[in-house]
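Colleague: sequence first, then the predicted structure:
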Amino acid sequence: MYVFKKYAHIKQQKGGVMMTPLTTLEVEHLRHLIGGDGMIVKKLNSYAESCSNPTLKTLLENDANAASQAQQTLLSFLG
């Protein structure tokens, strides 16, 4: 199953969690990860389209969706 890690500095604040500003290097790393997730989504969807085994096709589609969600989560750190 597709797994991703978040890279951001988080510090505890009264009543919740607050993100500290990202450094330039962290932003570049996020962009790299986001681009990688995008490529994974495209490849998994392509493999799923050409797959004739329904079980494998479902697995590939689920992993593509997970990669897309990971990409959206990482994008939220930039905006």
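Modeller: Here it is on my side, so go on.
Colleague: and P54, how far is that from Q72?
Modeller: Here the criterion is C-beta to C-beta, to the nearest Å. By it, P54 lies 27 Å from Q72. C-beta here means a position set from N, CA and C on the backbone, and glycine is covered the same way.
Colleague: with neighbour numbers in mind, choose between these two.
Modeller: Neighbours were counted for P54 and for Q72 using other C-beta atoms under 10 Å; Q72 has more, 11 against 8.
Colleague: now do the SS call for that one.
Modeller: helix (DSSP: H, G, I helix; E, B strand; the rest coil).
Colleague: equivalent analysis for E61, please.
Modeller: Strictly by three-state DSSP, E61 counts as helix.
Colleague: which ones are touching it?
Modeller: L44, N45, A48 (C-beta atoms under 8 Å, 6 or more residues apart in numbering).
Colleague: buried set for stretch 70-79?
Modeller: For stretch 70-79, a neighbour-count test (16 or more other C-beta atoms under 10 Å) marks A70, Q71, L74, F77 as buried.
Colleague: with stretch 27-43 instead?
Modeller: In stretch 27-43, counting by 16+ other C-beta under 10 Å, buried: L30, L33, I34, D37, I40, V41.
Colleague: sort the residues you listed by pLDDT and name the bottom one.
Modeller: Lowest pLDDT within the buried residues of stretch 27-43 is found at L30 (88).
Colleague: phi and psi next, for it.
Modeller: Dihedral pair for L30: phi -60, psi -40, per degrees, to the nearest 10.
Colleague: what sits against it?
Modeller: Y7, L22, L74, F77, L78.
Colleague: among those, which lie within helices?
Modeller: Among these, the members found in helices (DSSP state H) are L74, F77, L78.
Colleague: return the member of these nearest to D63.
Modeller: L74 (16.4 Å; C-beta to C-beta).
Colleague: which residue ranges form the strands in the protein?
Modeller: Assigned by DSSP state E, the chain shows strands spanning 10-13, 16-19.
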